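Asker: Sequence first, predicted coordinates after that:
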Amino acid sequence: MAARVPAEPAARLPGAGDPPPFEVLNPHGASPWLFTADHAGQAIPRALGDLGLPPGAIDRHIGWDIGIAGVARELAARMDAWTILQAYSRLVVDCNRPLDSPTLIVEASDGTAVPGNAGLDPAARDARVRGIFLPYHDEITRALDLRRARRQPTLLVTLHSFTPAMAGVPRPWHCGVLYHRDARLAHALRDALAAEGDLVVGDNQPYAVSDSSDYAVPVHGEARGLPHVELEIRQDLIADTAGQQLWGQRLERLLRALEPRFAGASGLLAAAQAEPYVNP
Ligand SMILES: [Zn+2]
């Protein structure tokens, strides 16, 4: 009788020699601000090779949010802020998509095919979700739970960057604040950025948050009733260290100025009284 050969199991991800799915900076930092960056990294698990991508594609905006990890490190260090960065490329699995989103694992992005993502079976998809997506979001949940338990206020900023031109169309904004049901912090930061005088600030531009296209804001911000904003910065402004430092300085100044309003005694009270949004 022939031995039964099971279908080859999907590789367990991450594998030997792969980085952990997330990086934590300043765990237990004293700041009320907590920063996350869903698209900070561009790692690909060794078992997935180069996903069949053309040379250089992983360094383009389709592979990661160019520059945002540097801004996040600046903010974490300057503000003693607990910061959680995703290490893997959004082309492996997009950590700001609901698990049922058709763009959770894309077969093409901005005109570039991703052969390693074509026709994945459920086991292969599951390996990426279990090994990369869930540990990252579980870590954010753990941090938020811990802060709540010790009554540390949390102002959540999910950091992203956007390409200066999409499909050949230039984008006028230097940065944008994104939100859905709760605009408290987003509008305050929008006004502070606009008051700088040298910035074109998008209001739910170049994207808007929705339940079908986003994960972090609905789950970690809205559902917990935390003041939150998704902040997008144009990639040419933060492509190098000098730009990342400038934005780190600027954002530190603006965010600290907002603290009394959102994380002082009145802010805490407001957060405590806020009814968490319940998805009907
Ligand atoms: Zn992003």
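Answerer: Yep, that arrived.
Asker: For the protein, which segments count as helices?
Answerer: Per DSSP state H, the chain carries helices over the ranges 68-79, 122-128, 134-149, 184-194, 216, 241-263, 265-273.
Asker: Can you add distance to the ion, mean neighbour count and mean pLDDT and give those helices back as TSV?
Answerer: From N, CA and C alone the C-beta is placed, and that goes for glycine too. Formatted as TSV, those follow (distance: least, C-beta to the ion, whole Å; neighbours: other C-beta atoms under 10 Å; pLDDT from 0 to 100):
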stretch	distance to the ion	mean neighbour count	mean pLDDT
helix 68-79	7	22	98
helix 122-128	17	16	97
helix 134-149	13	16	97
helix 184-194	16	19	98
helix 216	10	23	97
helix 241-263	15	17	96
helix 265-273	26	13	52
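Asker: Let me know which of those is the nearest to A16.
Answerer: Each of the helices of the chain has some distance to A16 by C-beta to C-beta; the shortest is helix 122-128, at 14.5 Å.
Asker: Check the offset of the closest one from the chain's centre.
Answerer: Put simply, helix 122-128 sits 21 Å off its chain's centre (C-alpha atoms, centre = their mean, to the nearest Å).
Asker: same deal with stretch 137-156?
Answerer: On the basis of C-alpha atoms, centre = their mean, stretch 137-156 sits 16 Å off its chain's mean C-alpha point.
Asker: Then stretch 58-71?
Answerer: In terms of C-alpha atoms, centre = their mean, the centre of stretch 58-71 is found 11 Å from the chain centre.
Asker: how about it as CSV, C-alpha atoms only?
Answerer: Coordinates of each C-alpha in stretch 58-71 appear next as CSV, following Å, rounded to 0.1, in the frame of the first residue of the first chain:
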residue,chain,number,x,y,z
ILE,A,58,9.6,46.1,-3.0
ASP,A,59,11.3,49.5,-2.6
ARG,A,60,8.5,51.4,-4.3
HIS,A,61,5.4,52.6,-2.5
ILE,A,62,3.6,49.4,-3.4
GLY,A,63,6.0,47.5,-1.0
TRP,A,64,5.8,49.7,2.0
ASP,A,65,5.1,53.2,3.3
ILE,A,66,8.3,54.9,2.3
GLY,A,67,9.8,57.0,5.1
ILE,A,68,7.2,56.3,7.8
ALA,A,69,9.4,54.0,9.9
GLY,A,70,11.9,56.8,10.3
VAL,A,71,9.2,59.3,11.3
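Asker: between the helices of the chain, which gets nearest to V92?
Answerer: The closest of the helices of the chain to V92 is helix 122-128. By C-beta to C-beta, the value is 5.9 Å.
Asker: start to end distance for stretch 149-168?
Answerer: 48 Å (C-alpha to C-alpha, to the nearest Å).
Asker: Then stretch 63-72?
Answerer: Start-to-end, stretch 63-72 (C-alpha to C-alpha) is 18 Å.
Asker: And stretch 183-201, by the same measure?
Answerer: By C-alpha to C-alpha, the extent of stretch 183-201 from end to end equals 15 Å.
Asker: Give me the contacts around that stretch.
Answerer: Stretch 183-201 is contacted from outside by 155, 172-179, 203, 227-231, 250, 254-255, 257-258, 261-262, using C-beta atoms under 8 Å, 6 or more residues apart in numbering.
Asker: repeat that with 7 Å
Answerer: Under the criterion C-beta atoms under 7 Å, 6 or more residues apart in numbering, residues 155, 172-179, 203, 227-229, 254, 257-258, 261-262 lie in contact with stretch 183-201.
Asker: same question, stretch 45-54
Answerer: Residues outside stretch 45-54 that contact it (C-beta under 7 Å, 6+ apart) are 11, 13-15, 17-18, 44, 91-92, 112, 114-117.
Asker: Among the helices of the chain, which comes closest to L159?
Answerer: When those are ranked by proximity to L159 (C-beta to C-beta), helix 68-79 comes first, at 5.1 Å.
Asker: before we move on, the earlier item: just the buried ones from the contacts of stretch 183-201, in ChimeraX syntax?
Answerer: Command for ChimeraX that selects the buried part of the contacts of stretch 183-201, burial taken from 16 or more other C-beta atoms under 10 Å:
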select :155,173,174,175,176,177,178,179,203,227,228,229,254,258,262
